[in-house]
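Participant: Quick one: sequence plus predicted model below, questions after.
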Amino acid sequence: MADMACWLVKTEPDIFSIEDFARERVTDWTGVRNYQARNFLRAMKVGEPVLVYHSNAEPPGVVGVARVHKQAVPDPTQFDRQSEYFDSKATKDKPRWFCPDLEFVEKLKRMIPLDELRSLKALDGFRLLERGSRLSVIPVLDKHFNTILKISSKNSR
DNA sequence: GCCAACGTTGGC
DNA sequence: GCCAACGTTGGC
């Protein structure tokens, strides 16, 4: 299909791990509160593949694959006073934050830790690896996506 | 727990 | 619109 994009989303395993994701199968990716990341969430189209990354983990790294299940809609947590993601400046008419539904696809046979990602020449230019990269949602080039899938199917580095 | 690298907020 | 102060992310 033309102009299919690939993505990577970060999640903290203490909060929502790939195992949690595998149990839930489909989850709305709520709580992203960064405008650039939000714009990426809104650009996600149904069917596009998504790498799942564990941040704040030991070790951090890519752990699985998901797929966009539903186009982004206004993130309900921005309207929920009880939620830590409540945003008093957001209104139903003018929502600020959006979340797509993501569907679990698979857990990688072998998680690819960050230090290994950094060691791969084939991942030159991968945004995740750039200095100071903090975005929790980033686009991934096809070739980078495929490189990661390929090495994860091997037993070791 | 530290801190670099960002992003956001708000006074002016 | 500038920018200092503050908050957050996330690797280490």
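Facilitator: Right, received. Where do you want to start?
Participant: and A:Lys150, what element?
Facilitator: helix A:142-152 (DSSP states H and E).
Participant: How is A:Val50 assigned, secondary-structure-wise?
Facilitator: Look at A:Val50: counting by DSSP: H, G, I helix; E, B strand; the rest coil, its state is strand.
Participant: how much space between it and A:Ala90?
Facilitator: According to Cβ to Cβ, to the nearest Å, A:Val50 and A:Ala90 sit 25 Å apart. Where you see a C-beta, it was placed from the backbone N, CA and C, and this is true even at glycine.
Participant: Got phi/psi on the residue nearest to A:Phe16 when sequence neighbours are not counted?
Facilitator: In this structure, A:Phe16 finds its nearest non-sequential neighbour in A:Thr27, 7.6 Å apart by Cβ to Cβ, 6 or more residues apart in numbering. Taking degrees, to the nearest 10, you get phi -140, psi 140 for the backbone angles of A:Thr27.
Participant: show me the contacts for A:Thr27.
Facilitator: Applying Cβ atoms under 8 Å, 6 or more residues apart in numbering to A:Thr27 gives the contacts A:Phe16, A:Phe21, A:Asp101, A:Leu102, A:Phe104.
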